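In: fold the following and give me the result.
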Amino acid sequence: MPSQPFSISAAREQLLAAAPPGWAAAGTPLLAVVLGSGLGALGERIESASAIEYDRIAGLAKSTAIGHRGEFRIGWFGGVRMLAMAGRLHAYEGHDIETLTRPMALMTACRPDAVVVSCAAGGLNPRFQTGDLVLIDEHLSLLRGQIGAGSLGAGSLGAGSPSGPRSGLRSGFATCDEPFAEIAVQTSREAGFRLHRGTYLAVTGPNYETRAECRMMRNWGMDLVGMSTVPEVVLASRAGMRTLAIGVVTNMAVPDSPATASHEEVIAVSMDAGVNLEKIVGAIAHSLAPKTGNLIDERD
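Out: The predicted model follows:
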């Protein structure tokens, strides 16, 4: 599906017009999050939230994937402002990289202090277990069958973007913010849930991986496999955002196991693991929140 005309500045005006009263003018930090398959429960925890569907904003497409609401949710969470993508767009829905990264480009235009991207993923590392969380500190993209396809999108952050013109090269842009990673690790230790670090492989999908593909992916050194995340994380980091990506192991992609994954099972596991994801997001929000002052007054 080819890209349609899109203006980041016009889209930002539409988004801010849908925000709760006082949200855009509030001086509190802004945390942007992407909620993947089955992880939308966090969106319901946003206080005083308003919502706007992607396709109500000019140039954005409708989300059609099961378990993806396809809307922005705007409000407050953990003492900071929050802008959440409840669901995302995928290449397997027929979108090119330009189109599926536009929601993230719009969020970066709001200049968030942090971006947290979550996703459901198949576990390739035999040390992982279903329900574990994984900090994605490196990645490989094979979206559309092209290595590095995930490094582009939203006009490659060209003219009119929040960061101005950029080349297509992503060298020098960190995609895993280490201070945020340390907060996530500390949170997992205190709460007693399993958290790993690993490399994520993005493929087009929508089919789950075959046994032969699992063997190949493990031989490549991949720890997780999914159908998203890389374009959004790369775009956010190239726009100068502090980013952190977290994968939820929703099924084990074990080459010689007779078990097969279903989308319903993936969503069920994501919903359970979403409790731990919310703890990490809450800890990051707390690290950003002002330590003094009355946040309630800033919303009026």
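In: which residues of this structure fall in helices?
Out: For the chain, the helices defined by DSSP state H cover 8-17, 41-44, 97-100, 102-109, 178-191, 211-219, 230-238, 263-288, 295-299.
In: for this protein, which spans come out with low pLDDT?
Out: Along the chain, the parts satisfying pLDDT under 70 run over 1-4, 38, 66-68, 149-172, 257-263, 292-300.
In: re earlier: how about the helices of the chain in TSV, adding distance to Arg127 and mean neighbour count?
Out: C-betas here are computed from N, CA, C, even on glycine. Converted to TSV, the helices of the chain look like this (distance: least, Cβ to Cβ, whole Å; neighbours: other Cβ atoms under 10 Å):
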stretch	distance to Arg127	mean neighbour count
helix 8-17	41	16
helix 41-44	26	17
helix 97-100	31	23
helix 102-109	30	25
helix 178-191	15	16
helix 211-219	12	15
helix 230-238	22	27
helix 263-288	17	19
helix 295-299	41	13
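In: tell me which of these lies nearest to Glu71.
Out: Closest of the helices of the chain to Glu71 is helix 41-44, at 8.3 Å (criterion: Cβ to Cβ).
In: which residues touch that closest one?
Out: Val33, Leu35, Ala49, Arg69, Arg73, Ala84, Ala86, Met271, Gly274, Leu277, Glu278, Val281 (Cβ atoms under 8 Å, 6 or more residues apart in numbering).
In: do stretch 53-69 as well
Out: 1, 4-7, 10-11, 14-15, 36-38, 40, 43, 70-72, 86-90, 93, 95, 99-100, 102-103, 106, 263, 266-267, 270.
In: next: stretch 22-31.
Out: Residues from elsewhere that reach stretch 22-31, judged by Cβ under 8 Å, 6+ apart: 16, 74-83, 110-114, 116, 281, 284-285, 288-290, 295, 298-300.
In: ok, now which ones touch the residue nearest to the spatial centre of the chain?
Out: Nearest to the geometric centre of the chain sits Val117, at 2.4 Å (Cα atoms, centre = their mean). Counting by Cβ under 8 Å, 6+ apart, Val117 makes contact with Val33, Val34, Gly36, Thr229, Glu232, Val233, Ala236, Thr243, Leu244, Ala245, Ile246.
In: and for the last one, the neighbour number?
Out: Around Ile246 there are 27 other residues, counting by other Cβ atoms under 10 Å.
In: go on, the third one?
Out: Here the count is done by other Cβ under 10 Å, and Gly36 has 31 residues near it.
In: likewise the fourth one?
Out: Neighbouring residues of Thr229 were enumerated by other Cβ under 10 Å; the total is 26.
In: how close does it get to Pro5?
Out: From Thr229 across to Pro5, the span is 26 Å (Cβ to Cβ, to the nearest Å).
In: not counting sequence-adjacent ones, nearest residue to Gly282?
Out: The shortest distance from Gly282 to any non-neighbouring residue, by Cβ to Cβ, 6 or more residues apart in numbering, is to Gly78 (4.9 Å).
In: which residues in this structure form strands?
Out: 30-35, 47-53, 71-77, 80-86, 114-123, 133-141, 195-202, 224-226, 243-252 (DSSP state E).
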